[in-house]
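A.B. asks: sharing a sequence plus its predicted fold:
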Amino acid sequence: MLLTYEAMAEAAKFATVWVPFCRKHGIEPRGPESYFDLKSHPYMGRSQEDFVNDRRRVRKDYDEFKARINGLDHDIKQRSDAYNAARGLKDGEPRATWMADGTQWEGTWVEPSENHRKGDHAGIVLVLLNHPSHSRQLGPPASADNPLDLSMVDVRLPMLVYVSREKRPGHNHQKKAGAMNALTRCSAVLSNSPFILNLDCDHYINNSQALRAGICFMLGRDSDTVAFVQFPQRFEGVDPTDLYANHNRIFFDGTLRALDGMQGPIYVGTGCLFRRITLYGFDPPRINVGGPCFPALGGMFAKAKYEKPGLELTTTKAAVAKGKHGFLPMPKKSYGKSDAFADTIPMASHPSPFAAASAASVVADEATIAEAVAVCAAAYEKKTGWGSDIGWVYGTVTEDVVTGYRMHIKGWRSRYCSIYPHAFIGTAPINLTERLFQVLRWSTGSLEIFFSRNNPLFGSTFLHPLQRVAYINITTYPFTAIFLIFYTTVPALSFVTGHFIVQRPTTMFYVYLAIVLGTLLILAVLEVKWAGVTVFEWFRNGQFWMTASCSAYLAAVCQVLVKVVFRRDISFKLTSKQPAGDEKKDPYADLYVVRWTWLMVTPIIIILVNIIGSAVAFAKVLDGEWTHWLKVAGGVFFNFWVLFHLYPFAKGILGRHGKTPVVVLVWWAFTFVITAVLYINIPHIHGPGGKHGGAIGRHGGDAHHHGKKFDGYYLWP
Ligand SMILES: O=c1ccn([C@@H]2O[C@H](COP(=O)(O)OP(=O)(O)O[C@H]3O[C@H](CO)[C@@H](O)[C@H](O)[C@H]3O)[C@@H](O)[C@H]2O)c(=O)[nH]1
Ligand SMILES: [Mn+2]
């Protein structure tokens, strides 16, 4: 969209003031919006007065910048209308969208037409800021049109390029993975930097030292085997009680950190620093998988392959210059038709011998840009290794997990880098429906990987054994839904029917139960103590896990089975972003907006079943039908345990009213009492009464049939 491009152009212009200002005064955080939102402005630079003046000036620039961005939509339309009018368009002729410099925009038009609509437009590469010089470049001193004294500040800005890959109808563009691959090739041609930072469109950099922190893991001793450095995802705009566990603290601060002790964290799609060559399918220079515990297991069956040097320079510079690609890990044709792109690969793998050459190549001239457009053509990847052996992997909606996995099975490591202030911050869906769909997408993606050629059960032996366990877990976890559905409904249903499929507990059963519970407890303590999450956050995770498991995971299992059986593709529904701005309004308004989806059906059923189950049990005790009220209490407690987990969900579907927790409890109590009263008062439901017999009699022949046929059913208490 032209809007994106022009907004970027405005940002580039504002950056010429903002970035030097930040450097001069040591401003942190570097996001202007977050910085100007701060309550206090700790001063770190030089003289106070200088700072106050500069700050006032930049603030004014920033406000103007924001106003211009907000006006862009209108400006573009007005400008285009003027140009179109000037050209005297006849009726029915397509109405072009015009750039500020008076040329037609090649991408999507405001009024879409052939070759200029969403999913049907040319590839566009526009350089907004060109390569900076290699040496320091001090700014001008203060003057009339430049009120900031920048004479002591380096004013260079990094290269900034707008890229929109070619889109054609009927062509599978492979969503985010396809976008990342096009960008990887484009940046290879334009800059070919050896490291790539990948951020989602809804994330920003919050700590200017983040890259320095991450790159340490790449450049340090022995770190030539590190493929990527993963930062935890952090979010803003989440409600303070984190009703739907958006922060995912256990996953980021527990799981990813723990994996760091093995082969490394999995790749989670954003906030990740890559070594460029790993995306090209290179093997690591050495294999050191297995660590001190399992050194023999690393690459057990594949040793021979690694006797030859992996990344050692086996070709002379001259040979590369002649266009021979002797030491590419894959045949040249799997990288696509662009020779210019293929030539960048050896330079990315061995920056040092080519330092002079790559320094000279950093000019974004017309030919280079034409090449950049060519490598993001829609048809470029036809009959190449992109999406399978090279770059981001296709065929799943969680391309992140599988892309990291393919690196790990080659023996690459990854590292986890968590710093404070948070390196990157993003937005999370705080609406229940959006959140459920997000989890549905993740769980579907995981299962897709399980049912693909990237099933971790069959990955190479370069995968650390425990890392493999982690990958199996991450590609099978949605199956927990099947068990959880039984776990959350059968005990409550047993109260209603009076039949119990679980045996009267034996001593051995209690022993096992104690072991399982003890393990869970240790795990919980470790997670809380060691990952640094609070007990409250820990509970939230558990609550949301149950909600997601009995809705999204279940749906994912069904969806993927359909895909596996009928070969239907699954769509990537972009997570809705909370509309920004308007501070006066409730920032969490979206939290309680109810948008119905069939994903909500199962949790609602489970809630009802548990309330009704315990109400019936209660009624049976009141009625004298059951006498072992202590045992009944135990069962009812279990039902409440389930309800307690589904409490945030209930709060969410009650919408606006859910803001007061009392409403949920009132509703639950109401349902409970109604059920109990009905049960006691309607004789034909609860049968002729009297102890166990009543329970069977109530269901007549049917229940008898069950009671007799299956020895597995027990009457209890
Ligand atoms: O067709 C698409 C869809 C998405 N994106 C990008 O993918 C990102 C992730 O999409 P989003 O809707 O924000 O989903 P989230 O659930 O927030 O994303 C998480 O889950 C995704 C996998 O499902 C990962 O790719 C993301 O990195 C990870 O943050 C977006 O920011 C875009 O940059 C595209 O480029 N093209
Ligand atoms: Mn996102």
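C.D. replies: Thanks, I have the structure now. Ligands and ions are numbered 1, 2, ... in the order given.

A.B. asks: what about the residue in the stretch 1-150 of the chain positioned nearest to ligand 1, neighbour count?
C.D. replies: Closest to ligand 1 within the stretch 1-150 of the chain is residue 119: 10.8 Å, counting by C-beta to the nearest ligand atom. C-beta coordinates here come from the backbone N, C-alpha and C atoms, glycine included. Number of residues near residue 119 (other C-beta atoms under 10 Å) recorded here: 12.

A.B. asks: just checking, it touches residue 164?
C.D. replies: No: because the distance of 11.8 Å does not satisfy C-beta atoms under 8 Å, residue 119 is recorded as not touching residue 164.

A.B. asks: quick one: buried residues of the longest helix belonging to the chain?
C.D. replies: Counting residues, the longest helix in the chain under DSSP state H turns out to be helix 48-86. Buried positions in helix 48-86, judged by neighbour count with 16 or more other C-beta atoms under 10 Å: 51, 54-55, 58, 61-62, 65, 72, 76, 79-80, 83-84.

A.B. asks: before we move on, what SS does residue 178 have?
C.D. replies: For residue 178, the reduced secondary structure class is helix; criterion used: DSSP: H, G, I helix; E, B strand; the rest coil.

A.B. asks: follow-up on the earlier one: same question for the longest helix of the chain, mean pLDDT?
C.D. replies: The average pLDDT within helix 48-86 is 92.

A.B. asks: in the stretch 451-600 of the chain, which spans are strands?
C.D. replies: Listed in chain order, the strands of the stretch 451-600 of the chain (DSSP state E, counting those that start in this stretch) span residues 499-500.

A.B. asks: for it, which spans come out with low pLDDT?
C.D. replies: Low-confidence segments of the stretch 451-600 of the chain, defined by pLDDT under 70: 502-503, 568-586.

A.B. asks: number of residues surrounding residue 218?
C.D. replies: Number of residues near residue 218 (other C-beta under 10 Å) recorded here: 18.

A.B. asks: that one contacts residue 195, correct?
C.D. replies: Yes: in this structure, residue 218 sits in contact with residue 195. The criterion is C-beta under 8 Å, and the distance is 6.4 Å.

A.B. asks: find residues that contact each of these two.
C.D. replies: The contact sets of residue 218 and residue 195 overlap at 273, 275 (C-beta atoms under 8 Å, 6 or more residues apart in numbering).

A.B. asks: doesn't residue 414 fall inside a helix?
C.D. replies: No: counting by three-state DSSP, residue 414 is located in no helix; its state is strand.

A.B. asks: mind pulling up the pLDDT for it?
C.D. replies: So residue 414 comes in at 95 (pLDDT).

A.B. asks: where's it relative to ligand 1, distance?
C.D. replies: Distance of residue 414 to ligand 1, computed by C-beta to the nearest ligand atom, to the nearest Å: 15 Å.

A.B. asks: near that residue, how many other residues are there?
C.D. replies: Applying other C-beta under 10 Å, we find 29 other residues in the vicinity of residue 414.

A.B. asks: thought it was touching residue 231?
C.D. replies: No: taking C-beta under 8 Å as the definition, residue 414 is not a contact partner of residue 231, at 11.3 Å.

A.B. asks: overlap in contacts of the two?
C.D. replies: Residues touching both residue 414 and residue 231 do not exist when contact is defined as C-beta under 8 Å, 6+ apart.

A.B. asks: okay, now the sheet partners of the next helix or strand after the longest helix of the chain, with direction.
C.D. replies: Next in sequence after helix 48-86, counting helices and strands by DSSP states H and E, comes strand 116-117. Using DSSP bridges, the strands paired with strand 116-117 in its sheet are strand 120-121 (antiparallel).

A.B. asks: contacts for the strand it pairs with?
C.D. replies: Strand 120-121 is contacted from outside by 106, 107, 108, 114, 115, 164, 166, 167, 168, 169, using C-beta under 8 Å, 6+ apart.

A.B. asks: please redo it, this time with the cut-off set to 10 Å
C.D. replies: Strand 120-121 is contacted from outside by 1, 105-109, 112-115, 164-171, 378, using C-beta atoms under 10 Å, 6 or more residues apart in numbering.

A.B. asks: so which bits of the helix or strand following it are buried?
C.D. replies: Sequence-wise, the next helix or strand beyond strand 120-121 is strand 124-129, with elements assigned using DSSP H and E. Of the residues in strand 124-129, those buried by neighbour count under the rule 16+ other C-beta under 10 Å are 124, 125, 126, 127, 128, 129.

A.B. asks: what's the pLDDT at the residue of the chain found nearest ligand 2?
C.D. replies: Ranked by C-beta to the ion, the top residue of the chain for proximity to ligand 2 is residue 202, at 4.4 Å. Among the per-residue scores, residue 202 shows a pLDDT of 92.

A.B. asks: would you mind listing what in the stretch 351-500 of the chain touches ligand 1?
C.D. replies: Where proximity means C-beta under 6 Å from any ligand atom, the interface of the stretch 351-500 of the chain facing ligand 1 comprises 397, 398, 400, 438, 441, 442, 445.

A.B. asks: mind checking how far the fourth one is from residue 555?
C.D. replies: For residue 438, the distance to residue 555 (C-beta to C-beta, to the nearest Å) stands at 12 Å.

A.B. asks: do the same with residue 104
C.D. replies: 45 Å.

A.B. asks: quick one: which of the two has more around it?
C.D. replies: More crowded of residue 104 and residue 555, by other C-beta under 10 Å: residue 555, with 23 against 12.

A.B. asks: quick check: buried residues in stretch 160-170?
C.D. replies: Within stretch 160-170, the residues that count as buried by 16+ other C-beta under 10 Å are 161, 162, 163, 164, 165, 166, 167.

A.B. asks: mind checking which of those are in strands?
C.D. replies: Where the buried residues of stretch 160-170 overlap with strands, as defined by DSSP state E, the overlap consists of 161, 162, 163, 164.

A.B. asks: from those, which single one is nearest residue 676?
C.D. replies: Checking those against residue 676 by C-beta to C-beta gives residue 164 as the nearest, at 62.3 Å.

A.B. asks: ok, the residue of the stretch 201-350 of the chain found nearest ligand 1 to residue 587 distance?
C.D. replies: Of all residues in the stretch 201-350 of the chain, residue 269 sits closest to ligand 1, at 2.2 Å by C-beta to the nearest ligand atom. Computed with C-beta to C-beta, the distance linking residue 269 and residue 587 is 25 Å.

A.B. asks: tell me which of these two has more neighbours.
C.D. replies: The residue with the greater number of neighbours, taking residue 269 and residue 587 and applying other C-beta under 10 Å, is residue 269; the counts read 23 against 15.
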